[in-house]
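J.: sequence-free structure coming up:
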Ligand code: SAH
């Protein structure tokens, strides 16, 4: 269950840790990018993650640099509080590698994947909040349909929501296997399918459970405001809904004269990287530099 960091060369090129400085990795995950930043010269690193299992893994990965690293269990949308608590005003570079890690996706028992039958959890932060099973049990048919449509970009969302509500009258939908079966049965059979028909619904639920799009724009604004002049922010998004928010927010900040966007188009990984690391497949990297 290794996690290969995505587009590390580009992250280092944009963030330029060679001359040292304080870097914030807002999604430290297993510590892959953080380690690369430290190896390349970062003198201090704050690593944030909302997943305690990820922080434990990052602690191992970053062991050799423990005197330069502070790991924080927080939501990156609280970046202002995290920095204020440490009396840090500005930083020398910030990274956000959004979404779930391959560890979260592949670990048994987390409920992100329909490849295994397990409890329908999907929370990145298991210290609280509703699980996917809770949302599926308690939400109205309308809200379920809206979430599947909006976050999964699934045209047949209504049909799926209807099937979910019918099925939950019979028995709780509390496993990934049961949900996947309900979704697959609700959809018309097609001869050849590139992706499992449950994929979009699972993506939607994951985004819903973790409120992945809420406040992403505000987070980017806060992160940009906390950069020293000349310092940079790198954001890697993994689906179009996320990337759209990143793109629009960075453009708005550029329009306001706060940053210069360095990536006219998003950078994407090379084919070799996608072959080696499936998580890289849909990655889009955008970077901006603080100018005022
Ligand atoms: N760059 C990391 C991998 C990051 S994977 C590495 O190289 O190892 C994305 C991580 O972001 C996951 O660990 C996930 O728990 C975390 N995450 C996602 N949304 C978050 C949020 N809102 N606040 C804090 N961490 C978040």
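T.: That came in fine, so what should we check first? These numbers come from a predicted model, not from an experiment.

J.: what does the chain have sitting close to the ligand?
T.: By the criterion of C-beta under 6 Å from any ligand atom, the positions of the chain lying close to the ligand are 3, 5, 27, 29-33, 48-51, 54, 75-77, 97, 99-101, 124. For every residue, glycine as well, the C-beta is placed using N, CA and C.

J.: among these, name the ones in strands.
T.: 48, 49, 97 (DSSP state E).

J.: so what's the second one up against?
T.: Same thing as residue 49. By C-beta atoms under 8 Å, 6 or more residues apart in numbering, the residues touching residue 49 are 27, 28, 29, 55, 58, 71, 72, 73, 74.

J.: hang on, the last one packs against residue 51?
T.: No - taking contact to mean C-beta atoms under 8 Å, the distance of 10.9 Å between residue 74 and residue 51 leaves them out of contact.

J.: with neighbour numbers in mind, choose between these two.
T.: residue 51 (24 against 18; other C-beta atoms under 10 Å).

J.: give me the mean pLDDT for stretch 249-257.
T.: If you average the pLDDT over stretch 249-257, you get 98.

J.: so how far is that stretch off the chain centroid?
T.: 22 Å (C-alpha atoms, centre = their mean, to the nearest Å).

J.: one more: stretch 195-215?
T.: Distance of stretch 195-215 from its chain centroid, counting by C-alpha atoms, centre = their mean, is 11 Å.

J.: again, but for stretch 183-196
T.: Stretch 183-196 has its average C-alpha position 27 Å from the chain's average C-alpha position, going by C-alpha atoms, centre = their mean.

J.: again with stretch 109-118
T.: Centre-to-centre, stretch 109-118 and its host chain are 18 Å apart (C-alpha atoms, centre = their mean).

J.: show me the contact partners of that stretch.
T.: For stretch 109-118, the surrounding residues in contact (C-beta under 8 Å, 6+ apart) are 100, 104-106, 108, 119-122, 131-133, 175-180, 196, 198, 202, 206.

J.: repeat that for stretch 211-218.
T.: In this structure, residues lying in contact with stretch 211-218 by C-beta under 8 Å, 6+ apart are 77, 98, 99, 151, 206, 207, 241, 242, 245, 246, 248, 249.

J.: buried residues, that stretch. List them.
T.: Applying a neighbour-count criterion of 16 or more other C-beta atoms under 10 Å, one finds 212, 213, 215, 216, 217 buried in stretch 211-218.

J.: of these, closest to the ligand?
T.: For the ligand, the closest of those turns out to be residue 212, at 6.5 Å, with distances computed as C-beta to the nearest ligand atom.

J.: sorry, back to before: kindly reformat the contacts of stretch 211-218 as CSV containing neighbour count and secondary structure.
T.: Below are the contacts of stretch 211-218 laid out as CSV (neighbours: other C-beta atoms under 10 Å; DSSP: H, G, I helix; E, B strand; the rest coil):
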residue, neighbour count, secondary structure
77, 18, helix
98, 22, coil
99, 23, coil
151, 22, helix
206, 23, helix
207, 21, helix
241, 18, helix
242, 20, helix
245, 20, helix
246, 24, helix
248, 12, helix
249, 21, helix
